[in-house]
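*Asks:* Show me the folded form of this:
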Amino acid sequence: MLTRLRVDGFKNLVDVDVRFGPFTCIAGANGTGKSNLFDAIHFLSALADRTLQDAALSVRDEEGRSGDVRTLFHRVGDRYKDRICFEAEMIVPQAGADDLGQPAKATTTFLRYVLTLGYRQESNHLRPGSLEIVREELSHIRQMDVPKHILFPNRAGTWRKDAIQGRRAVPHYISTKGEGEGRKICLHQDRGIGGGRPQERAGNNLPRTVLSIVNAAESPTATLARLEMRSWRLLLLEPASLRKPDSFTSPVRLGTDGANLAATLYHLAHSCKAFGRDKPEPEAVYAAISNQLAELIDDVGQVSVDRDEKRELLTVIVTDRNGTPLPAKALSDGTLRFLALATLALDPQATGLLCLEEPENGIHPLRIPAMLRLLQGIATDPDMRLTPDNPLRQVMINTHSPVVVQQVPEDSLVVAELREIERNGDILKTASFGCVPDTWRANAPEKPRTVSRGDLLGYLNPTVREDEDESLLAEDPPRRAATRKSSKRIIDRADLHPLFSNLG
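*Replies:* So this is what the prediction gives:
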């Protein structure tokens with residue numbers, strides 16, 4: 001679970017510091033940096049599993065494609081910043097297994113990961129440059145400091161006690177020694193006081209992070225940090241992928257684009273893990289999914305997965321109340337996305353951080369509250385014990401929809417804006433993330449920006465015309481009446497005025 005992220009020098013993220021709870025909604029206009037924040041999370045996740053180059057090329061550039069790694073660095077005119085700095089605070093699972101299946105148990109579960117990357121121009125200037133590791137650190141956050149870092153409401157005696165465990169005298173699991181060409185990245189033994197002699201690697205030639213190559217024998221805690229970061233997923237649910245039938249041998253985990261929906265749902269229905277019972281109960285699983293989907297579509301009778309033995313294919317089927325079966329290819333985009341989210345909510349294996357861009361796409365405005373309830377239900381409930389039914393799972397969405405912003409809890413909302421700052425004589429246009437006053441984020445020690453009523457006006461009253469100064473219109477009733485009469489918008493109808501919120 002990612003509880004805090006600081007980013008400096010990545011795309012338009014300069015001196016960004018954002019805290020996250022179990023469920024977070026990031027709202028902002030196009031181009032403000034919401035997607036860049038998701039890209040930063042995706043990049044960190046990729047760095048825990050891939051080489052520096054492959055991780056960089058997995059991140060989209062400004063045109064939506066991967067390209068030269070230089071495009072990841074913040075740019076002012078034709079000049080690029082020479083460093084990208086990340087600092088992530090996270091709660092990791094207490095136990096897991098590395099890529100070889102070796103068990104790992106964390107010494108401590110509340111960790112801070114720091115990574116600074118530089119750009120290295122190759123000696124052959126005809127070739128694009130590459131990334132190099134300037135600094136890499138993994139350390140624990142002390143139990144006595146937890147209240148300063150976990151600020152979202154939680155029952156300290158239950159959820160927090162379950163999630164944050166362990167103590168350690170030695171601060172680092174990974175550290176950096178020295179600077180420049182002679183710097184070393186050190187992997188420390190995962191033990192108590194003393195910790196043994198660390199393994200040292202030359203930092204200037206590493207093709208990937210040290211965290212990405214650890215195993216349970218070397219450092220169980222670093223291994224679990226790696227597994228946690230690998231579980232940070234950016235979901236881009238594509239209807240074409242959701243509609244496809246799956247083979248009997250397809251993966252049983254929902255893909256980032258929504259692939260494997262039928263295989264995942266079928267496996268969930270025929271395993272014992274969905275409800276933690278002694279034997280599979282397919283009908284109970286399908287009934288739970290059907291009930292969730294019925295909140296979106298009135299005519300849902302049953303959800304199931306058809307198993308075609310001859311063609312060895314699995315196909316999602318939604319049967320309406322008249323008994324008419326509809327395969328996935330006949331379902332609407334919104335129905336498929338909602339079905340995928342309902343499957344994730346029921347899957348105990350779907351842990352970690354799920355990032356979704358504009359999840360309201362394809363969903364009728366009247367059904368958005370149901371969609372948001374489902375997303376919040378996927379996230380861990382910090383007022384309950386951590387159990388298989390309440391796993392350490394986190395949901396983050398971004399949006400520019402007024403309907404979504406009006407429906408999310410106030411302490412879950414983060415508002416993205418573009419702001420100008422001065423640094424070293426340059427005027428930088430950078431993303432800024434603010435919170436609603438009198439919520440838990442507003443009380444953070446770093447004193448984050450709080451959004452004003454004006455910041456929220458576009459979401460609470462999205463029909464304000466950009467070419468009219470509302471303050472002038474308020475002082476000039478005849479002009480206001482003429483403007484509304486000529487515009488002929490739905491909101492201008494007098495018989496509908498009582499239905500709209502009064503902002504005054």
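*Asks:* any idea how far stretch 231-246 is from the chain center?
*Replies:* 15 Å (Cα atoms, centre = their mean, to the nearest Å).
*Asks:* buried ones in it?
*Replies:* By neighbour count with 16 or more other Cβ atoms under 10 Å, stretch 231-246 contains the buried residues 231-235, 237-239, 241-246. From N, CA and C alone the C-beta is placed, and that goes for glycine too.
*Asks:* contacting residues around that stretch?
*Replies:* For stretch 231-246, the surrounding residues in contact (Cβ atoms under 8 Å, 6 or more residues apart in numbering) are 2, 38, 41-42, 44-45, 254-263, 266, 308, 313-315, 328-329, 331, 333, 336-337, 339-340, 351-357, 359, 362.
*Asks:* which of these count as buried?
*Replies:* Applying 16+ other Cβ under 10 Å to these flags 2, 38, 41-42, 44-45, 254-255, 258-263, 266, 313-315, 328, 331, 333, 336-337, 339-340, 351-357, 359 as buried.
*Asks:* Narrow the contacts of stretch 231-246 to those in helices?
*Replies:* Cross-referencing the contacts of stretch 231-246 against helices under DSSP state H gives 38, 41-42, 44-45, 261-263, 266, 333, 336-337, 339-340.
*Asks:* contacts for stretch 446-462?
*Replies:* Residues lying outside stretch 446-462 but in contact with it, judged by Cβ under 8 Å, 6+ apart, are 17, 19, 27, 29, 402, 405-406, 415, 417, 432-437, 441-442, 464, 500-501, 503.
*Asks:* Among those residues, name the buried ones.
*Replies:* 19, 27, 402, 405, 415, 417, 432-436, 441-442.
*Asks:* List the contacts of stretch 148-163.
*Replies:* Outside stretch 148-163, the residues within contact range by Cβ under 8 Å, 6+ apart are 1, 3-4, 19, 21-22, 89, 91, 109-110, 141, 146-147, 164, 380-386, 392, 411, 440-441, 443-445.
*Asks:* Got a quick PyMOL command for the buried subset of these?
*Replies:* For selection in PyMOL, the members of the contacts of stretch 148-163 meeting the burial criterion (16+ other Cβ under 10 Å) are listed in this command:
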select buried, resi 1+3+4+19+21+22+89+91+109+110+141+164+380+381+382+386+392+411+440+441
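*Asks:* from the contacts of stretch 148-163, which ones fall inside helices?
*Replies:* Cross-referencing the contacts of stretch 148-163 against helices under DSSP H gives 146-147.
*Asks:* Need the mean per-residue confidence for stretch 440-448.
*Replies:* Across stretch 440-448, the average pLDDT comes to 92.
*Asks:* can you check stretch 295-302 too?
*Replies:* The predicted model gives stretch 295-302 an average pLDDT of 81.
*Asks:* hey, C-alpha coordinates of it in PDB?
*Replies:* Extracted in PDB, the C-alpha atoms of stretch 295-302 (Å, rounded to 0.1, in the frame of the first residue of the first chain):
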ATOM      1  CA  GLU A 295     -26.800  -2.000  -9.500                       C
ATOM      2  CA  LEU A 296     -25.700  -0.900 -12.900                       C
ATOM      3  CA  ILE A 297     -28.200  -2.700 -15.200                       C
ATOM      4  CA  ASP A 298     -31.800  -3.300 -14.100                       C
ATOM      5  CA  ASP A 299     -32.300  -6.300 -16.400                       C
ATOM      6  CA  VAL A 300     -29.500  -8.600 -15.000                       C
ATOM      7  CA  GLY A 301     -30.700 -12.000 -14.000                       C
ATOM      8  CA  GLN A 302     -27.500 -14.000 -13.700                       C
END
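*Asks:* so of the contacts of stretch 446-462, which ones are in helices?
*Replies:* 402, 405-406.
*Asks:* Output those in CSV, with distance to residue 182 and pLDDT appended to each entry.
*Replies:* Written out in CSV, the entries for the ones in helices among the contacts of stretch 446-462 read as follows (distance: Cβ to Cβ, whole Å; pLDDT from 0 to 100):
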residue, distance to residue 182, pLDDT
402, 55, 90
405, 51, 90
406, 56, 88
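*Asks:* what residue is smack in the middle of this protein?
*Replies:* By Cα atoms, centre = their mean, the chain has its centre lying nearest to residue 355, at 3.0 Å.
*Asks:* Does that one touch residue 375 like I think?
*Replies:* No - taking Cβ atoms under 8 Å as the contact criterion, residue 355 and residue 375 are not neighbours in contact, 11.3 Å apart.
*Asks:* between those two, what contacts are shared?
*Replies:* Taking Cβ under 8 Å, 6+ apart as the contact definition, residue 355 and residue 375 share the neighbouring residues residue 397.
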